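S.K.: Task: produce atomic coordinates for the following.
(one chain, ligands or ions: 1)
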Amino acid sequence: MPPTAEALVDLGAVRTNIEVLRDRARNADVMGVVKADGYGHGMVPVARAMVAAGAAWLGTALVEEALQLRRAGIRTPTLAWIIPPGTPLGEAVASDIDLGVSTRWGLDEIAAAARAAGRPARVHLKADTGLSRGGVTPGEWSDVVEAAARAEAAGLLRVTGVFSHFARADEPGHPSIAAQLTAFHDALALAEKAGLRPEVRHMANSAATLTLPDAHFDLVRPGIAGYGLTPIPDLAGTGLRPAMTLRAPLTVVKRVPAGTGVSYGHRYVTDRPTTLAVVPLGYADGVPRAATNVGPVFVAGRRRRIAGTVCMDQFVVDIGDDEARAGEPAVLFGAGDGGEPTAQDWAEALDTISYEIVCRVGQRVPRRYVGGDGEWPDPR
Ligand SMILES: Cc1ncc(COP(=O)(O)O)c(C=O)c1O
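M.R.: Presented below is the predicted three-dimensional model:
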């Protein structure tokens, strides 16, 4: 391996995952969600792989993320759904970025930007059907759809989509799922009554794409599944493959006596003469400090746990009497088929979700792309 830590991203796995999701979505199109730097994998290379595998749409949180896709030459229809007040929208309107609307003032700001740009904006109205996060509440929905219909008639915008988002789709059978579906059907009916004819109605995240065909509508919006991880860890036989491997070359390997305190605070003390191996990844690279004494790592042919405190740039592993040499890789997580832990294993060890494990891999860690058209350099 190279003499640095790296996040190896298998674009072939990303393509396979999108094909799996397209298959599950049947007649619905797939929007590959690439926000947060492609869930830490690198937004532009991942977006290209998703589009090559047939993703008809891309999804981002921020308008700036969508603009980065356009600047990279990606023309695929793209929806951005978090738009704080005062966000400059001229370039987004000019670049045909679809804009999510969660409030009446948001709709008005987009209409004003369209008027200034001299061309209609593309908008997706978001209904809050029970997540109580973004989205227009049922009480305000009629006002927003009617205002949108007037703005559409005035040539200021085109309502290309109506959408919503689940709170508990990762708990198949939970009563909130059916309640949210009913609320979404109600919202769609009111939009239609106001004269809106959206091209795409969409609601399904990864969990609903995998388990709930009734929620597929015209388009599904999987994020985490595109990266090969599942929000429902017990779901077997998905055919998804984790795309990211996080690994680093051992920097120091040394024998120490029994009773040696290891790393800051000596939170790990050796109980016998043993060998310690030092891994150059720390909390500055996204390895949570909470992984102290619990994070799983594959080193010297076996799975082990971090020994002692995770520092800013490194941590230590106790490899007992096994042999290792500086320069050989420690694998924090990967696809799991070489014995290494997965991001899901990390999530379980740290009482979090795999999303957080992959998203937080730091900017200092170079991404290296394999399984695309040759090896791709890190675009950053
Ligand atoms: C509005 C919206 N749609 C889709 C997704 C993708 O969700 P998941 O990664 O669970 O598939 C997200 C992620 O948070 C989201 O906020």
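
S.K.: hey, let's count contacts and neighbours off CA atoms from now on
M.R.: Will do.

S.K.: and the closest residue to residue 342 other than its chain neighbours, what are its bridge partners?
M.R.: Counting by C-alpha to C-alpha, 6 or more residues apart in numbering, residue 342 lies nearest to residue 333, which is 4.6 Å off, once chain neighbours are set aside. For residue 333, the beta-bridge partners under DSSP bridges are residue 246.

S.K.: Which neighbouring elements make contact with the top helix by length along the chain?
M.R.: In the chain, taking DSSP state H as the definition, the longest helix is helix 175-193. Where contact means 3 or more C-alpha pairs under 8 Å, 6 or more residues apart in numbering; DSSP states H and E, helix 175-193 is packed against helix 138-153.

S.K.: Give me the residue ranges of the stretch 251-380 of the chain where confidence is low.
M.R.: 373-380 (pLDDT under 70).

S.K.: Quick one: the strands in it, in order.
M.R.: 252-256, 261-262, 268-269, 274-279, 296-299, 302-307, 315-320, 329-333, 367-372, 374-376 (DSSP state E, counting those that start in this stretch).

S.K.: Could you list the residues in contact with the fifth one?
M.R.: Contacts with strand 296-299, where a contact means C-alpha atoms under 8 Å, 6 or more residues apart in numbering, come from 303-306, 317, 319, 324, 329-333, 339-341, 345-346, 349.

S.K.: From residue 185, how far off is the residue nearest to residue 194 when sequence neighbours are not counted?
M.R.: Nearest residue to residue 194, sequence neighbours excluded (C-alpha to C-alpha, 6+ apart): residue 146, at 5.6 Å. Residue 146 sits 17 Å away from residue 185, going by C-alpha to C-alpha, to the nearest Å.

S.K.: Could you check which of these two is surrounded by more residues?
M.R.: residue 146 (17 against 13; other C-alpha atoms under 10 Å).

S.K.: sorry, back to before: identify, out of the strands of the stretch 251-380 of the chain, the most deeply packed stretch.
M.R.: strand 329-333 (a mean of 26; mean count of other C-alpha atoms under 10 Å).

S.K.: Work out the gap between it and the centre of the chain.
M.R.: The chain centre lies 21 Å from the centre of strand 329-333; the measure is C-alpha atoms, centre = their mean, to the nearest Å.

S.K.: Show me what from the stretch 101-250 of the chain comes close to the ligand.
M.R.: 165, 205-206, 221-224 (C-alpha under 6 Å from any ligand atom).
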